[in-house]
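Peer 1: Provided below for reference: sequence and predicted model.
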Amino acid sequence: RLLSLPTPPAYIEAYDISHTMGSENVAGMTVFENGRPLKRAYKKFRIKSFSGQDDFRSMAEVLDRRLTEYKSATERGETEGFGRLPDLILLDGGAGQLNAVLPVMKSHVISVPVFGMVKDSKHKTRAITASGGDISIRANHRAYTLIATIQEETHRFAITYHRNSSRKKGLTAELSLVEGMGDKRIKTLLKTFKTIDAIRKATPKEIKQRTGIPIKVCEKIKDFYGEGN
């Protein structure tokens with residue numbers, strides 16, 4: 001009723017952008033079905049079309065890619081994941097994010113309603129942003145609780161992805177200093193062991209067995225971290 005929708009939005013997608021001064025620029029998409037998080041439908045995006053800090057442009061890119069994926073998924077006959085359109089799209093942000101995304105929706109000829117989720121100076125959910133201005137939601141406890149939950153979960157998901165991406169980039173740069181470690185081996189090593197701590201605890205023989213990296217290089221990895229065996 002607050003958003004003047006014809007029916008209750010049972011399937012909601014929400015988006016948030018996360019970066020550090022424009023670096024490791026990523027986005028998270030969460031999904032709520034019947035008021036509950038549907039985590040298997042969450043998606044991650046790495047901003048590809050530009051570098052630097054521009055939340056509006058980032059949001060536009062993400063929605064463009066999501067709707068492009070929808071077209072591809074429907075052509076394959078998929079009805080879940082990207083193959084399912086939401087009843088409502090929520091963006092973490094105000095009029096700037098909303099105005100950046102509406103032309104994208106129009107270009108894809110998609111009529112899903114889109115609104116922004118605005119926070120106050122204390123980073124708490126304050127209102128919903130519509131084309132005509134902000135809609136206060138604090139007087140409606142149930143609506144406020146739902147929107148606040150969606151906004152916080154979407155922020156958590158996006159910032160966790162950003163932090164993991166930044167950490168992985170740092171680990172990749174670090175491992176590239178080890179003689180014999182190229183991009184393919186680094187990717188395999190991190191995919192297998194996840195963390196430097198796990199690598200430190202493994203013997204060169206174990207690293208070789210689990211990754212296929214030559215034993216001489218595995219020994220150099222252990223020496224590099226001061227854990228040679």
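Peer 2: Cool, got the structure. Only a predicted model underlies this, so the values are computations on that prediction, with no experimental measurement involved.

Peer 1: in CSV, could you pull the C-alpha coordinates for stretch 123-142?
Peer 2: Output of stretch 123-142 as CSV, limited to C-alpha atoms (Å, rounded to 0.1, in the frame of the first residue of the first chain):
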residue,chain,number,x,y,z
HIS,A,123,23.2,4.8,8.8
LYS,A,124,19.7,3.5,9.8
THR,A,125,16.9,3.0,7.3
ARG,A,126,14.9,6.2,7.1
ALA,A,127,12.6,6.1,4.0
ILE,A,128,11.9,4.7,0.6
THR,A,129,12.8,6.9,-2.4
ALA,A,130,10.4,7.0,-5.3
SER,A,131,10.4,9.0,-8.5
GLY,A,132,8.3,11.7,-6.8
GLY,A,133,10.3,11.9,-3.6
ASP,A,134,10.8,10.1,-0.3
ILE,A,135,8.1,7.9,1.3
SER,A,136,8.3,7.7,5.1
ILE,A,137,8.1,4.2,6.5
ARG,A,138,8.9,4.6,10.1
ALA,A,139,5.3,5.0,11.1
ASN,A,140,4.6,1.5,9.7
HIS,A,141,6.4,-0.8,12.0
ARG,A,142,6.0,-4.0,9.9
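
Peer 1: tell me the buried residues in it?
Peer 2: Thr125, Arg126, Ala127, Ile128, Thr129, Ala130, Ile135, Ile137 (16 or more other C-beta atoms under 10 Å). C-beta: built from backbone N, CA, C; applies to glycine.

Peer 1: closest one to Lys208 out of these, please.
Peer 2: Thr125 (50.8 Å; C-beta to C-beta).

Peer 1: so which strand or helix has the residue lying closest to that closest one once chain neighbours are set aside?
Peer 2: Sequence neighbours aside, Ala148 is the residue nearest to Thr125 in space, at 4.0 Å (criterion: C-beta to C-beta, 6 or more residues apart in numbering). Taking DSSP states H and E as the criterion, Ala148 maps to helix 141-175.

Peer 1: same check on Phe56?
Peer 2: Going by DSSP H and E, Phe56 is in helix 55-75.

Peer 1: how about the following helix or strand past that helix: buried residues?
Peer 2: Note on helix 55-75: by DSSP H and E, the next helix or strand toward the C-terminus is strand 88-92. The neighbour-count check on strand 88-92 (16+ other C-beta under 10 Å) flags Leu88, Ile89, Leu90, Leu91, Asp92 as buried.

Peer 1: tabulate those (a markdown table), appending distance to Leu189 and pLDDT.
Peer 2: Shown next, in a markdown table, are the buried residues of strand 88-92 (distance: C-beta to C-beta, whole Å; pLDDT from 0 to 100):
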| residue | distance to Leu189 | pLDDT |
| --- | --- | --- |
| Leu88 | 42 | 97 |
| Ile89 | 38 | 98 |
| Leu90 | 38 | 97 |
| Leu91 | 37 | 97 |
| Asp92 | 34 | 95 |
